[in-house]
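Engineer: below is the sequence, then the predicted model.
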Amino acid sequence: MASLKDSDLQKAAQATISPGFEFVILNGYSILAGTMPHAVEPGNRLQSSKVMNVFGQSWSLTIWPSEAYIVSRRTLLQNMTLLFGLLTAALVGLTLIQTRRGKFNQDRADALSVRLATTLENISDAFMTIDRSRRVTYANAEAVRLGQRQIGEFIPLPQPDVPGNPAMYQMAAGLSRALEGTSSVRFTSLLRKTGLWVEANSYPIPNGVAMHFRDITEERARAAHLRMLETAIARQNDVLIIAEVGDSSHPQAAHTVYANDAFTRLTGYSVEEVLGKSPSIMQGPMTDKAELKRIGETLSRGEPVQAELRNYRKDGTEYWVEIDISPIFDDIGRCTHFVAVERDVTRRRMAVEEMSLAQERFHRLAEATNEIVWDADFVTGTIWFNENFHLILGYDPSRGVPTVKGWQALIHPDDLDRFLQTEADARRSNAPQCVTEYRLARADGSYAKVVDRAKMIRDDKGAVIRMLGGIEDVTERRAMTARLHQSQQLEVIGHLTGGVAHDFNNLLTVILGSVKLLSDRLTDQPKLKNLAETAISAALRGADMISRLLSFARRQPLDPKVVEVSRQLDTLTEWLKRALPESIAIDISSAKDVWLVEVDPTQLETALLNIAVNARDAMPEGGQLVIRAENRHIEPTMVQGIPEAIPGDYVCISVSDTGVGMDAQTIARAFERFFTTKNIGKGSGLGLSMVYGFVRQSLGFAQIHSTEGEGTSVQLYFPRSIADRSTEIARASVEATPGGTECVLVVEDDDMLRDNVVTQLTQLGYRVSSAAAGSAALIIMRQKRGIDLLFTDIVMPGDMSGPELVTGALAIRPDLKVLYTSGYSHAEITHDGRLDQGVQLLTKPYRLADMAHKIRAVLEA
């Protein structure tokens, strides 16, 4: 076919048509040649058209004068005549030209038509032509396949406004636009019969349109799926970042090409702000550089990596992310992108850090406390203890993790049922905690008294799944409490004993004094004298009983003297022979040159006698009792655990037997008041307690060594005295009763005792004055200047005590001699059970000889 580009037709027309005229040659709507086709204006009164048939095709030639020609030619008739002539000449010329070319063009058109038909039948897109009545005039094989119709089965396409065909609306609307216009129209549509989606392009052609379209059903499905994925990714809580890799060996050089909405919500950056930038903009000063290096090295090897990083938001606040980065490779194995999925784990991280801090605090508290801290898991049956479990109970840490049942097996059998019942009651009552007290076995077989405070941890159903607690070892506290309670009881007993002893000693002193006077006058009546001596013995036994009670109550005043222990032990032999059966062999000895000690000799004898009696009870079938005195130098390492022991030189008096011995628990309690292993009625539990009290008052200490079945050794340690051996040694015997002529003032509130003392002193030759109270005594002191000795009771009713009287008397006569008398010690004149320096005391009850010797000693001092 000819067209504007057909140079022969164009040249022929221009040569035939006169200058000054414009023309256009059309084949239907196709322009074959022309000068200004855009200038064709229908209805122009100066144009002239001619239609002719050329080889079966309808050609039209339209000619009209140009604007310039019209201006130059004013006469219309001339213009029309000339125009008609030119038109005729041009058509004749064109007919001749076309006739010569006709045959050639027809052959070329036929070949082109065959090639075009072959091409249309084999292309992958569908193609059809539709005339203006909306009927399909041609459809290639792909169009038949997609429409599932042959060419004759296609029905006319509906108008776009015809109801009932919504599926075909897009195609109908697109076809209408193509038929009405002169340009191509693109649209998508759903094929009604097959349900396929197609993308169509319509082009105007003579008497209709040509349309080609392709199946985009799968493409639309993929696009819809992709949109769904994009929506899901955009709306998910996890951050998704895609970074394009410039150089796979330098992952840090990657730049962001995609970020979802979660990224903006987490970081505060908009997507536009990070596109094209490195993801490292979220990093900051506290981001772990070592972890970043590890991530980079892993990605450089083309491997995925997981990590936790501290990042920074746009406003500078920190947040933690759990990040999973995967490399993406192309078809040739080259890494092109990194896909990073990040999850905000700030709360979890903070919770972990808080939990870690809480655990650290828990373990530090568990280490700092003196309690056994434990955590029992009832699901697994395991239990955790802090180090105090091993330190307090002595178990080997290498034994492994104990179990709940193993722990319960350590509870004393007598306490286990009560413990389990308390725990069960707490569980059933939904109590938050429970407190129980029981005995827990130590590694050495002994038991510790403990208080266990436990906190219940329950699951959603209220069942106890864990328990946390602390076990406090209260063994020593309970012992201290018991000792305090006992001490308080003894304090009460002491006060009671002191009061009783005061009155009872007064009576015994009167009895002893009176019976002694009576006995001295019955020398010629042996029977009566024996009765008097029996009364004196009974009174002395009563005095000894009072002394024991006062010693037990720590109210027995000591009268320490420099004592040669070896001589003192010699006098003890006869006492022991009377107290012990013949089945017990007695061996008393002393090492050479035993040091002197300062003790109350009477109390020493009593202490040794008490130990000997205990040894007798431990050897019911007989045995051996060995008493030995020797010098000992005590080093600090030898008395560790004995707070009352002071390193230095001591005289040790040991009393050993071959009896049944004692176990460790008995040894630990042997010195406790009222503690005894003897049957009821066989022991008071006071013997060793009184011994211990005497030794402590004498500034010494005591120890017990014993093995069950082998015997016991009680060792009494007394500090070495610095006195010389020329110092007066306490004697066991007494001389004849001495007297004197000095003036003695007797102050005693008990009338009977006062009269008895006055009588006895008068018989001894002394000049005696007496008073019942301190105030009366001071009056006598002021009125009678010749008083040499003040002999006063310590405890007196009224306005002043004995020490207060002494203070007033010494103010009147500074050189006055003073002798106190009392049945027990008083804080006014004693410290730690020992008399103050320079204080002289005669202990009630006393005999006439005791009083005579003591008064004589004070006057001559």
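Structural biologist: Perfect, I can see it now.
Engineer: could you list the buried residues of stretch 604-621?
Structural biologist: For stretch 604-621, the neighbour count (16 or more other Cβ atoms under 10 Å) marks 604-612, 614-619 as buried. Any C-beta I mention is one placed from the backbone N, CA and C, and that applies to glycine too.
Engineer: which of those residues lies closest to Y138?
Structural biologist: A618 (135.0 Å; Cβ to Cβ).
Engineer: for the stretch 701-850 of the chain, which segments are assigned as helices?
Structural biologist: For the stretch 701-850 of the chain, the helices defined by DSSP state H, counting those that start in this stretch occupy 751-763, 774-783, 802-812, 848-860.
Engineer: low-confidence regions, the stretch 101-250 of the chain specifically.
Structural biologist: Scanning the stretch 101-250 of the chain for pLDDT under 70 picks out 101-110, 113, 148-172, 182, 192, 234-235, 247-250.
Engineer: how about the contacts made by P797?
Structural biologist: By Cβ atoms under 8 Å, 6 or more residues apart in numbering, the contact set of P797 is 749, 773.
Engineer: show me the one of the helices of the stretch 701-850 of the chain that comes nearest K449.
Structural biologist: It's helix 802-812; of the helices of the stretch 701-850 of the chain, that one is closest to K449 (Cβ to Cβ) at 44.7 Å.
Engineer: picking that back up, how about the helices of the stretch 701-850 of the chain in CSV, adding distance to G469 and mean neighbour count?
Structural biologist: Output for the helices of the stretch 701-850 of the chain, formatted as CSV (distance: least, Cβ to Cβ, whole Å; neighbours: other Cβ atoms under 10 Å):
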stretch, distance to G469, mean neighbour count
helix 751-763, 64, 18
helix 774-783, 63, 17
helix 802-812, 56, 18
helix 848-860, 64, 18
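Engineer: so where do the strands sit in the stretch 551-700 of the chain?
Structural biologist: Secondary structure of the stretch 551-700 of the chain, counting by DSSP state E, counting those that start in this stretch: strands at 561-563, 584-590, 597-599, 623-634, 648-657.
Engineer: ok, the stretch 401-550 of the chain next?
Structural biologist: Counting by DSSP E, counting those that start in this stretch, the strands of the stretch 401-550 of the chain are 433-441, 447-458, 464-473.
Engineer: follow-up on the earlier one: mean neighbour count, the strands of the stretch 551-700 of the chain: which tops it?
Structural biologist: For those, the largest average neighbour count (mean count of other Cβ atoms under 10 Å) is found in strand 597-599, namely a mean of 25.
Engineer: state the mean pLDDT of it.
Structural biologist: In this model, strand 597-599 has a mean pLDDT of 91.
Engineer: ditto for stretch 632-642
Structural biologist: Computed over stretch 632-642, the average pLDDT equals 81.
Engineer: again with stretch 261-270
Structural biologist: 90.
Engineer: ok, residues contacting it?
Structural biologist: Counting by Cβ under 8 Å, 6+ apart, 234-241, 271, 274, 281-282, 311, 313-315, 319, 321, 342, 344 sit against stretch 261-270.
Engineer: in strands, which of those appear?
Structural biologist: Counting by DSSP state E, the part of those found in strands is 239-241, 311, 319, 321, 342, 344.
Engineer: just the buried residues of those.
Structural biologist: By neighbour count, with 16+ other Cβ under 10 Å, the ones in strands among the contacts of stretch 261-270 hold 239-241, 311, 319, 321, 342, 344 as buried.
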